[in-house]
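# Below is the structure, and that's it, no one-letter string:
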């Protein structure tokens, strides 16, 4: 089965989740969305790591069923935050008592610190957001398993295939908190095709080395009697002629050449205005957007610039919702710049601007945020 669990989980939470969660946590919608863009891939990755084998998938199913998660709650996310917050509080209790420890163990504290650092939200907010997201994602997974009729074997197959879907989405601080040197090292543990290829390459190398060794031994054994005979004749000749066998002079030691230093990675070339593009209906900053924002932040700090951040949208569909989404995207970029060390006084938020689709604009241009000099 080929399904992108990260994308499906984002759809299940809905476009208003960052706003609702931000209000509950006492954080801005932009900061909350930035936190979610870091947290969701880490949670999906953690689930995939835990359940990538049939035995691990069985344990994951037991963890999900033991928490008595209600799949019907996904149909009314807004309702979880209403009614005095009883629905959210129940999820927080399940997350804190069993699901977060069951999924991340003693890495949960480091994950909270990394999430707070990556997004700029308070540590207490990061703790509650983790305790909220883990049960919600596991509830989504429980519903998905029921809809597709998955057992432990088919679930492990699905989870071990999530590496390509998480490629470029993991924050290095989050993977480091989980005990991996890099996002690539984190994803390599999922197994699947990449691991099979690596094992196949290792077997090929080992087989080639064994074949080469066998061939070398075979050739040596064929010539060994002749070599021994020649050595005996040389020894007898020197003995009878009264000469000793000359001792060859030792070869001079080979010069050791220091390896050339690896070239430093080229810095990302950037000029303003810089454009950060978003997926349809999403205010989550992707890997390319993070790189653009990082380069822009370096330029702003280096040159002492003041910049304006503007979200773009179009007038198709609900104009008010489009405008609100453009504001959320701009806020996410602003918060990411601040998290990268740009002073708040150096960034000004501009009202959203509209792009006419088909009149010089495109769908992608209507889903962008621009960082420009003031």
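Received the coordinates, thanks. Please read all numbers here as calculations on a predicted model, not as lab measurements. Numbers count the residues shown, from 1 in each chain.
# Residue 303 and residue 342, how far apart?
12 Å (CB to CB, to the nearest Å). Glycine gets a C-beta too; all of them are placed from N, C-alpha and C.
# More neighbours: the two, which one.
More crowded of residue 303 and residue 342, by other CB atoms under 10 Å: residue 342, with 23 against 9.
# just checking, the more buried one is part of a helix?
No: residue state for residue 342 (DSSP: H, G, I helix; E, B strand; the rest coil) corresponds to coil; a helix is not indicated.
# which residues does it contact?
Contact analysis of residue 342 by CB atoms under 8 Å, 6 or more residues apart in numbering lists 297, 300-301.
# again, 6 Å this time
For residue 342, the contacting residues are 297, 300, by CB atoms under 6 Å, 6 or more residues apart in numbering.
# going on from the helix or strand bottoming out on mean pLDDT in the chain, what's the next piece of helix or strand?
Lowest mean confidence among the helices and strands of the chain (mean pLDDT, DSSP states H and E): helix 192-240, at a mean of 52. Once the chain leaves helix 192-240, the next helix or strand it forms, by DSSP states H and E, is strand 274-277.
# next structured bit after that following strand?
helix 287-303.
# in that following helix, what counts as buried?
Across helix 287-303, burial judged by 16 or more other CB atoms under 10 Å covers 289-290, 292-300.
# which one among these gets closest to residue 174?
Taking CB to CB as the measure, residue 174 lies nearest residue 290 of the buried residues of helix 287-303, at 12.4 Å.
# show me what contacts that closest one?
Counting by CB under 6 Å, 6+ apart, residue 290 has no contacts.
# Let me know the pLDDT of it.
pLDDT for residue 290: 90.
# Can you read off the pLDDT for residue 125?
At residue 125, pLDDT is 94.
# wait, isn't it in contact with residue 27?
Yes: between residue 125 and residue 27 there is a contact under CB atoms under 6 Å: 5.2 Å.
# how close does residue 6 get to residue 163?
Taking CB to CB, one finds residue 6 at 11 Å from residue 163.
# Between those two, which is the more surrounded one?
residue 163 (22 against 19).
# Sketch out the low-pLDDT regions of the stretch 201-350 of the chain for me.
Segments of the stretch 201-350 of the chain classed as low confidence (criterion: pLDDT under 70) are 201-226, 232, 235-269.
# again, only using 90
Counting by pLDDT under 90, the stretch 201-350 of the chain shows low-confidence ranges at 201-272, 278, 280-283, 286-288, 313-323, 339-340.
# Point me to the helix or strand that includes the spatially closest residue to residue 95 that is not a sequence neighbour.
Of all residues not flanking residue 95 in the chain, residue 131 sits nearest, at 3.4 Å (CB to CB, 6 or more residues apart in numbering). Under the criterion of DSSP H and E, residue 131 resides in helix 123-148.
# going on from that helix, what's the next piece of helix or strand?
Where DSSP H and E defines the elements, the next helix or strand beyond helix 123-148 is helix 152-160.
# on contacts alone, who are the packing partners of that next one?
Judged by 3 or more CB pairs under 6 Å, 6 or more residues apart in numbering; DSSP states H and E, helix 152-160 is in contact with helix 54-66.
# try it again with 8 Å
Secondary-structure packing of helix 152-160 (3 or more CB pairs under 8 Å, 6 or more residues apart in numbering; DSSP states H and E): helix 29-50, helix 54-66.
# need the contact list for residue 280.
Residue 280 neighbours (CB under 8 Å, 6+ apart): 363, 367.
# now swap in the one 3 residues further on and tell me
Going by CB under 8 Å, 6+ apart, residue 283 touches 15, 18, 30, 33, 325, 328-329, 331-332.
# By neighbours, which of the residues you listed wins?
Scoring the contacts of residue 283 on neighbours with other CB under 10 Å, the highest-scoring entry is residue 332 at 32 neighbours.
# and the host helix or strand of it, what other elements does it pack with?
Using DSSP H and E, residue 332 falls within helix 319-339. Applying 3+ CB pairs under 8 Å, 6+ apart, one finds that helix 319-339 makes contact with helix 29-50, helix 108-119, helix 287-303, strand 307-313, strand 347-349, strand 368-373.
# Of the ones you listed, which is nearest residue 159?
Closest to residue 159 of these is helix 29-50 (CB to CB; 4.3 Å).
# Might you quantify the distance of the closest one from its chain's geometric centre?
Here the centre of helix 29-50 is set off from its chain's centre by 9 Å, with CA atoms, centre = their mean, to the nearest Å.
# And for stretch 3-23?
From the chain centre to the centre of stretch 3-23 is a distance of 17 Å (CA atoms, centre = their mean).
# again with stretch 15-27
23 Å.
# Could you pull out the buried residues of that stretch?
Here stretch 15-27 shows 15, 17-22, 24-25, 27 as buried, counting by 16+ other CB under 10 Å.
# ok, back up a step: which one of the helices and strands packed on helix 152-160 is the most hemmed in?
Most buried of these, by mean neighbour count (mean count of other CB atoms under 10 Å): helix 29-50, with a mean of 25.
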